[in-house]
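Q: Structure of the sequence below:
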Amino acid sequence: MITVTLKDGSQRSYQRGTTVAGVAKDISAGLARAALAGKVNGKLVDLSCPINEDVNLEILTFNDEEGREVYRHSTAHVLAQAVQRLFPGTKLAIGPAIKDGFYYDFDSEHKFTPEDLEKIEAEMNKIIKEDLPFTRFELSREEAIKKFKEQGEKYKVELIKDLPEDAVISCYSQGDWVDLCAGPHVPSTGRLKSVKLTGLAGAYWRGDEKNKMLQRIYGTSFPKKSMLDEYLQRLEEAKRRDHRKLGKELDLFSIQEEGPGFPFFHPKGMIIRNELENFWRVEHKKHGYQEVRTPIILNRALWEQSGHWEHYQENMYFTRIDDADYAIKPMNCPGSMLVYKTKIHSYRELPIRMGELGLVHRHELSGALHGLMRVRCFTQDDAHIFMLPSQVKQEIMGVIDLFDYFYGVFNLPYHVELSTKPEKAMGSDEIWELATNALKEALEERGIEYKINEGDGAFYGPKIDFHLEDSIGRTWQCGTIQLDFLMPEKFDLTYVGEDGQKHRPVMIHRVVFGSIERFIAILTEHYAGAFPTWLAPVQVRVIPITDRHIEYARQLAERLENKNIRVEVDARNEKMNYKIREAQNQKIPYMLVVGDKEIEQNSVAVRQRGKGDIGAMPVDQFEEKIMAEIISKA
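A: Numbers count the residues shown, from 1 in each chain. Got it, this is the predicted structure:
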């Protein structure tokens, strides 16, 4: 007999060779129906996997993130099988599960169209009805290369050749169709229920623009139609909120052919940007930060010293000045360290909190560019904190508190992830462990739950990432706190301690917004373009009923402008309903309609965005109302 320890800590005894599916069935018939895969001693396995020793077992359903990944990766295999049935000769690349869905990349002479997606989806549903078992089998490296060469699958052969010489290669069949795959998968295609293909895109093989452009088909799948319908409704809402669409409609920004990935901010977009930067400056000053500005172009030697030349070169832009190599900065941190080094610091000065709204440039592949979300130049709201080792935990907690306040202003809840040492990293395991533990302790002392992302840290230190949740449930990684024991060493940063000797400070890199551009995109979609009054490019539009009311409207606008309220007068010769509708489309928080009665009573008829007509009020009262809203950032 063997002992199986379940996720809740309970234990059960079984005959050696009992499968994961057998354990699920023993627990309950409902769990057996819902089970998709298992996790044996932390390793994902098929439900058919036999258990031959004492193990810890977790049975995964669609309610588990890893269960959803198995479900959708299995659906990606069904997509690939359907495509090859309909379009013989199509070559397969890769087809992973992704957040909320999956994709598969194809090399096909046929150019896929939206109409093709309907046919492919119908074929996928046929394969699902056929209830073909997902069967795992293993081959030697040589056998696998031979098999996929015979099938003409050159991309699979390339992937196999990258594996170690002694690797055992796993494949999965469903009927007579076979794919290279580590697995696991659901037991059969019949376990998949509601499927939808959602889009087409181009993708370079292995993400390298030097390689062939493949065709990517995106899709999603759910165990219930109601869940799929709800998801598709969210997708439609996301399209309605797309910051690229709203950015054009509200005249906030543009991306021009002359500068792909380099955004142009229009006057209204600049208002939002400036308000965010002003807010950043005020709050950082309150929290003891000093603002600096460092150059955009710096000598190659600096980037070699920082490690960026070795670890980040493919993402950088370069130039030559006076026969020497220079780089356009992809990050602000080396500049801040040069500022720190301009004078001798005492332990009494620390911590030194240095903030910078710094413009950086990073080379992104053209296929990855996406409005303001993914650009080639952006402003990072960086700050670098130089501190004593004894101050690390307290400073991290202070940054967490600042982030919590910022995101609360925008009504953006968040969850936290802690990323540990990556494969390519500077420094010893001991230093990394020390840094990682400091981040963990700060999070735990603040009572913040967190998920660990193994191997996803920066090359110079572990980090805490803040993932914000917008009004339709999507998450965005924005804030980050990176603890760094290594850069101070590389730049020979020191402070004079109580003993009169030189010591090495510890450093924190952190951003709240992440990038101003991306944060504006997130806010545009979060608010669906209806920015809160303090951020709105135009806060008030005054609408005179007839030409004889224009003078009063202009006097009113001037009065509001003197209070630094952003106001426009719509004096066009258009119908009142048209003017109101247009102001609504521009998502202006307040419309003030003025006519004879308002002039006589020194009042305004107020229409509030989202509420409609809220009645007449004296001008003084309206001023107080809107000023309170702006000051409180309601």
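
Q: ok, now how distant is Lys156 from Ala80?
A: Counting by C-beta to C-beta, to the nearest Å, the gap from Lys156 to Ala80 is 11 Å. In this view, the C-beta of every residue, glycine as well, is placed from N, C-alpha and C.

Q: can I see the domain layout of this protein?
A: Taking automatic domain parsing as the domain assignment, the ranges for the chain are 2-61, 66-240, 265-294+334-526, 540-632.

Q: got these as TSV, with mean pLDDT and distance to Glu314 columns?
A: Listed next are these as TSV, based on pLDDT from 0 to 100; distance: least, C-beta to C-beta, whole Å:
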stretch	mean pLDDT	distance to Glu314
domain 2-61	94	32
domain 66-240	94	10
domain 265-294+334-526	91	7
domain 540-632	94	40
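
Q: Format the ones you listed as CSV; extra columns: distance to Asp322.
A: Converted to CSV, those look like this (distance: least, C-beta to C-beta, whole Å):
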stretch, distance to Asp322
domain 2-61, 56
domain 66-240, 32
domain 265-294+334-526, 19
domain 540-632, 46
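
Q: and the ones you listed as TSV, adding mean neighbour count and distance to Asp325?
A: Output for the domains of the chain, formatted as TSV (neighbours: other C-beta atoms under 10 Å; distance: least, C-beta to C-beta, whole Å):
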stretch	mean neighbour count	distance to Asp325
domain 2-61	16	46
domain 66-240	17	23
domain 265-294+334-526	18	15
domain 540-632	16	46
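
Q: who wins for proximity to Leu302 among those?
A: Using C-beta to C-beta as the measure, domain 265-294+334-526 is the one of the domains of the chain that comes nearest Leu302, at 5.4 Å.

Q: if you go through the stretch 451-600 of the chain in chain order, where are the strands?
A: Remark: strands assigned in the stretch 451-600 of the chain by DSSP state E, counting those that start in this stretch are 463-469, 475-484, 495-496, 502-503, 506-511, 540-544, 567-569, 590-594.

Q: mind checking which of these is nearest Val392?
A: Comparing these by C-beta to C-beta, strand 506-511 comes nearest, at 5.5 Å.

Q: quick one: contacts of that closest one?
A: Defining contact as C-beta atoms under 8 Å, 6 or more residues apart in numbering, one finds that strand 506-511 is touched by 333, 337, 380-389, 391-392, 395-396, 399, 458, 461, 478-485, 487-488, 493.

Q: Go ahead and confirm Asp54 touches Arg12.
A: No. Contact criterion C-beta atoms under 8 Å: Asp54 and Arg12 do not qualify, at 11.1 Å.

Q: Please enumerate the shared neighbours of the two.
A: By C-beta under 8 Å, 6+ apart, the residues touching both Asp54 and Arg12 are 3-4.

Q: follow-up on the earlier one: tell me, what's touching Lys156 and Ala80 both at once?
A: Listed as contacting both Lys156 and Ala80 by C-beta under 8 Å, 6+ apart are 92, 179.

Q: mind checking how far the closest residue to Val409 other than its chain neighbours is from Glu143?
A: Nearest residue to Val409, sequence neighbours excluded (C-beta to C-beta, 6 or more residues apart in numbering): Lys633, at 5.4 Å. Between Lys633 and Glu143 the computed distance is 65 Å (C-beta to C-beta).

Q: now swap in Tyr204 and tell me
A: Taking C-beta to C-beta, one finds Tyr204 at 30 Å from Glu143.

Q: Quick check on the closest residue to Gly207 other than its chain neighbours: phi, psi?
A: The shortest distance from Gly207 to any non-neighbouring residue, by C-beta to C-beta, 6+ apart, is to Leu365 (7.1 Å). Phi and psi for Leu365, reported as degrees, to the nearest 10, are phi -60, psi 140.

Q: who's in contact with Leu365?
A: By C-beta under 8 Å, 6+ apart, Leu365 lies in contact with 204, 207, 209.

Q: so who does Gln539 touch?
A: 533, 565-567, 588-590, 626, 630.

Q: Pull the most distant pair out of those.
A: Using C-beta to C-beta, those span at most 14.1 Å, a distance reached by Ile588 and Ile630.

Q: May I have the beta-bridge partners of the closest residue to Gly247 other than its chain neighbours?
A: Using C-beta to C-beta, 6+ apart and skipping residues adjacent in sequence, the residue nearest Gly247 is Phe253, 4.9 Å away. Counting by DSSP bridges, Phe253 is bridged to Phe265.

Q: Phe253 is in contact with Ile271, isn't it?
A: No. Using C-beta under 8 Å, Phe253 is not in contact with Ile271, being 11.7 Å away.

Q: what lines up beside the helix or strand where Val4 lies in the sheet?
A: Counting by DSSP states H and E, the element that carries Val4 is strand 2-6. Strand 2-6 sits in its sheet next to strand 11-14 (antiparallel), strand 55-60 (parallel), going by DSSP bridges.

Q: got these as JSON lines, with distance to Glu283 columns?
A: Converted to JSON lines, the strands paired with strand 2-6 look like this (distance: least, C-beta to C-beta, whole Å):
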{"stretch": "strand 11-14", "distance to Glu283": "52"}
{"stretch": "strand 55-60", "distance to Glu283": "43"}
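
Q: out of those strands, nearest to His503?
A: Closest among those, once you apply C-beta to C-beta, is strand 55-60, at 45.2 Å.

Q: Name the residues that touch that closest one?
A: Applying C-beta under 8 Å, 6+ apart, the contact partners of strand 55-60 are 2, 4-7, 20, 23-24, 27, 31, 35-42, 44, 51, 64, 66-67, 70.

Q: longest helix of the chain?
A: helix 65-86 (DSSP state H).

Q: give me the beta-bridge partners of the nearest residue to Leu592 once chain neighbours are set aside?
A: Nearest non-adjacent residue to Leu592, counting by C-beta to C-beta, 6+ apart: Val604, 4.2 Å away. On the basis of DSSP bridges, Val604 is bridged to Met617.

Q: How about the contacts made by Val604?
A: 542, 556, 592-594, 598, 616-617, 619, 622.

Q: Format the contacts of Leu365 as JSON lines; extra columns: secondary structure and distance to Pro260.
A: Below are those laid out as JSON lines (DSSP: H, G, I helix; E, B strand; the rest coil; distance: C-beta to C-beta, whole Å):
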{"residue": "Tyr204", "secondary structure": "strand", "distance to Pro260": "16"}
{"residue": "Gly207", "secondary structure": "helix", "distance to Pro260": "18"}
{"residue": "Glu209", "secondary structure": "coil", "distance to Pro260": "13"}
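
Q: would you list the residues you listed in a markdown table and tack on distance to Leu443?
A: Below are the contacts of Leu365 laid out as a markdown table (distance: C-beta to C-beta, whole Å):
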| residue | distance to Leu443 |
| --- | --- |
| Tyr204 | 38 |
| Gly207 | 32 |
| Glu209 | 38 |
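
Q: So which residues of the stretch 301-450 of the chain form strands?
A: Going by DSSP E, counting those that start in this stretch, the stretch 301-450 of the chain shows strands at 317-321, 324-328, 352-361, 377-387, 414-419, 450-453.

Q: what does the last one contact?
A: Just to be clear, that refers to strand 450-453. 415-420, 440, 443, 464-465.

Q: Parallel or antiparallel, list what pairs with it.
A: When DSSP bridges is applied, strand 450-453 pairs with strand 414-419 (parallel).

Q: Return the partner strand as CSV; C-alpha atoms alone will do.
A: Output of strand 414-419 as CSV, limited to C-alpha atoms (Å, rounded to 0.1, in the frame of the first residue of the first chain):
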residue,chain,number,x,y,z
TYR,A,414,-3.9,45.0,-6.6
HIS,A,415,-2.1,41.7,-5.8
VAL,A,416,1.6,41.3,-5.2
GLU,A,417,4.2,38.9,-6.8
LEU,A,418,7.7,38.3,-5.6
SER,A,419,10.3,37.5,-8.3
